[in-house]
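Asker: turn this into a model:
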Amino acid sequence: MQKNLTVLVFILIFFISIPNCGKRITPSSEDKTIFAIKDYFPLNIGDKWLWEIGLDSLAEPYRDGDSVLGEPFTDLNGNGVWDMGEPFQDYSLDGHYEGPDSFDYRDLNLNGKHDPGEPSVPFADVNLNGRYDAPNYNWDPGEPFCDLNDNQACDWIRNKLELEAEILSYGIWVHGLALLRCAFFPVGSDSIVALGDAFTNDSLGLRWHGHIDWTSPVDYLLELNPITIAKKSTQVGDLIFYADGLVLEDSVYIFTWVSNFVGKEEVSTSAGKFTNCLKFKSEASGWIGNMAKWNGSSFQWYAQGVGLVKSSGPGSEDYWLLEKAVVGGETYP
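Answerer: Presented below is the predicted three-dimensional model:
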């Protein structure tokens with residue numbers, strides 16, 4: 001089924017808090033006000049934002065696992081792929097051609113994994129251990145990486161960046177999802193890092209469908225049900241709990257995301273003063289890969305007609321502050 005998703009540029013993070021647990025609370029008239037989330041998270045093609053962001057940790061990109069090269073073959077018809085009847089070298093000794101999208105080996109010692117010396121489909125042995133290593137969503141010694149802080153280790157670094165975002169188009173992503181395209185512009189640098197997210201904001205509320213970034217091309221969120229950030233019509237006190245899971249390499253992962261609309265506040269940034277911003281508090285747990293950075297608690301503030309103007313957390317020094325924007329034909333500041 002095709003999903004008509006919009007393209008937007010930032011990652012949202014949320015946290016739950018239940019204050020005064022056990023006490024009876026009488027809602028104020030303000031608490032009963034209904035807000036249309038579409039007014040606070042606009043998704044118009046051509047809208048642009050620029051945030052200053054501080055990251056408590058920024059993952060250095062790396063190559064995850066060995067790449068399968070496929071068994072060599074004679075391309076008789078010159079079409080670049082193996083076709084039935086074309087001769088090939090059966091490295092896996094199974095009588096079948098194995099291409100780049102599959103890995104096979106003869107498990108001589110029956111230990112359930114590929115060991116040095118066992119016949120197998122050719123692969124790029126990036127860590128030179130003589131054994132095929134499948135991607136495991138973590139950096140392992142020997143895998144190539146980009147050493148941004150020149151400390152000879154693949155790790156996380158502290159950085160201050162500018163994130164520029166623009167909604168480009170609809171329906172141009174995998175499984176009908178729209179690709180949210182944006183770029184990281186590190187302050188004082190010309191380097192650019194790609195990032196992509198997919199959101200919808202319709203009768204089902206504000207939902208987050210997919211996320212990719214420079215640390216990994218794997219989109220874990222795309223394999224799951226979308227995260228609902230806010231209801232179509234929301235009021236202070238609304239709380240949404242999300243849970244889903246995946247089985248990867250015989251391990252079970254459970255992911256949770258809880259979003260709580262906690263109130264309204266005024267926010268001032270270099271883009272201007274924004275009154276009555278919707279403030280959300282959230283908590284994420286269990287996420288892996290390029291989604292792991294959202295684990296923990298955080299706050300977001302959304303201004304009417306503008307979108308995200310401020311974010312804080314989950315890291316102790318993580319923040320987003322809107323510097324300027326063009327939304328719905330209006331320019332800020």
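
Asker: spatially central residue for this protein, please.
Answerer: The centroid of the chain falls nearest to residue 211 when counting by CA atoms, centre = their mean (2.9 Å).

Asker: note down every partner strand of whatever helix or strand that residue lives in and its orientation.
Answerer: Assigned by DSSP states H and E, residue 211 belongs to strand 205-212. As defined by DSSP bridges, the strand partners of strand 205-212 come to strand 193-202 (antiparallel), strand 227-230 (antiparallel).

Asker: before we move on, back to that, correct me, but the residue nearest to the centre of the chain touches residue 223?
Answerer: No: using CB atoms under 8 Å, residue 211 is not in contact with residue 223, being 11.2 Å away. (Each C-beta comes from the backbone N, C-alpha and C, glycine too.)

Asker: ok, the nearest residue to residue 121 once chain neighbours are set aside - contacts?
Answerer: Using CB to CB, 6 or more residues apart in numbering and skipping the chain neighbours, the partner closest in space to residue 121 is residue 98 (4.4 Å). Residues in contact with residue 98, defined by CB atoms under 8 Å, 6 or more residues apart in numbering, are 68, 70-71, 91-92, 104, 121.

Asker: repeat that for residue 301.
Answerer: By CB under 8 Å, 6+ apart, residue 301 lies in contact with 265, 267, 274, 277-280, 308-311.

Asker: give me the domain ranges for this protein.
Answerer: 6-62+154-332, 66-134 (automatic domain parsing).

Asker: lowest-confidence stretch among these?
Answerer: Within these, confidence is poorest for domain 6-62+154-332, with a mean of 79 (mean pLDDT).

Asker: what about the longest strand in the chain?
Answerer: Secondary structure of the chain per DSSP state E: the longest strand is strand 251-269.

Asker: tilt between that strand and strand 205-212?
Answerer: Inter-element angle recorded for strand 251-269 and strand 205-212: 110 degrees (by axes from the mean of the first three to the mean of the last three CA atoms, to 10 degrees).

Asker: what's the following helix or strand after strand 251-269?
Answerer: Moving toward the C-terminus from strand 251-269, the next helix or strand (DSSP H and E) is strand 272-285.

Asker: only C-alpha atoms, please: export the helix or strand that that next one is followed by in CSV.
Answerer: Downstream of strand 272-285, the first helix or strand assigned by DSSP H and E is strand 296-303. Provided in CSV are the C-alpha atoms of strand 296-303 (Å, rounded to 0.1, in the frame of the first residue of the first chain):
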residue,chain,number,x,y,z
GLY,A,296,16.6,8.6,27.1
SER,A,297,14.4,11.6,27.8
SER,A,298,14.0,14.9,25.9
PHE,A,299,11.8,17.9,25.4
GLN,A,300,10.5,19.6,22.2
TRP,A,301,8.8,22.9,21.7
TYR,A,302,6.6,23.5,18.6
ALA,A,303,5.5,27.0,17.5
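
Asker: partner strands of strand 296-303, parallel or antiparallel?
Answerer: Partners of strand 296-303 in its sheet, by DSSP bridges: strand 272-285 (antiparallel), strand 307-312 (antiparallel).

Asker: looking at the ones you listed, which is buried most?
Answerer: Ranked by mean neighbour count under mean count of other CB atoms under 10 Å, the strands paired with strand 296-303 are led by strand 307-312, which reaches a mean of 22.

Asker: can you point out the buried residues in stretch 132-152?
Answerer: For stretch 132-152, the neighbour count (16 or more other CB atoms under 10 Å) marks 132-133, 135, 137, 139, 143, 148 as buried.

Asker: what's in contact with it?
Answerer: Applying CB under 8 Å, 6+ apart, the contact partners of stretch 132-152 are 58, 60-66, 68, 103, 105, 114, 120, 123, 125-129, 153-155, 157, 216, 218, 248-249, 288-289.

Asker: is it possible to mark the buried ones in the residues you listed?
Answerer: The neighbour count (16+ other CB under 10 Å) marks 58, 60-66, 68, 103, 105, 114, 120, 123, 126, 154, 216, 218, 248, 288-289 as buried among the contacts of stretch 132-152.

Asker: hey, what's the residue nearest to residue 154 when sequence neighbours are not counted bridged with?
Answerer: Nearest residue to residue 154, sequence neighbours excluded (CB to CB, 6+ apart): residue 145, at 4.0 Å. Residue 145 has these beta-bridge partners by DSSP bridges: residue 62.

Asker: over to residue 272?
Answerer: Bridge pairing for residue 272 (DSSP bridges) gives the partners residue 269.

Asker: and the gap between it and residue 299?
Answerer: Separation of residue 272 from residue 299 (CB to CB, to the nearest Å): 19 Å.

Asker: what's the burial count for residue 265?
Answerer: A count of nearby residues for residue 265, using other CB atoms under 10 Å, gives 14.

Asker: against residue 223, how distant is the closest residue to it other than its chain neighbours?
Answerer: Leaving out its chain neighbours, the residue that sits closest to residue 265 by CB to CB, 6+ apart is residue 279, at 5.1 Å. Distance of residue 279 to residue 223, computed by CB to CB: 30 Å.
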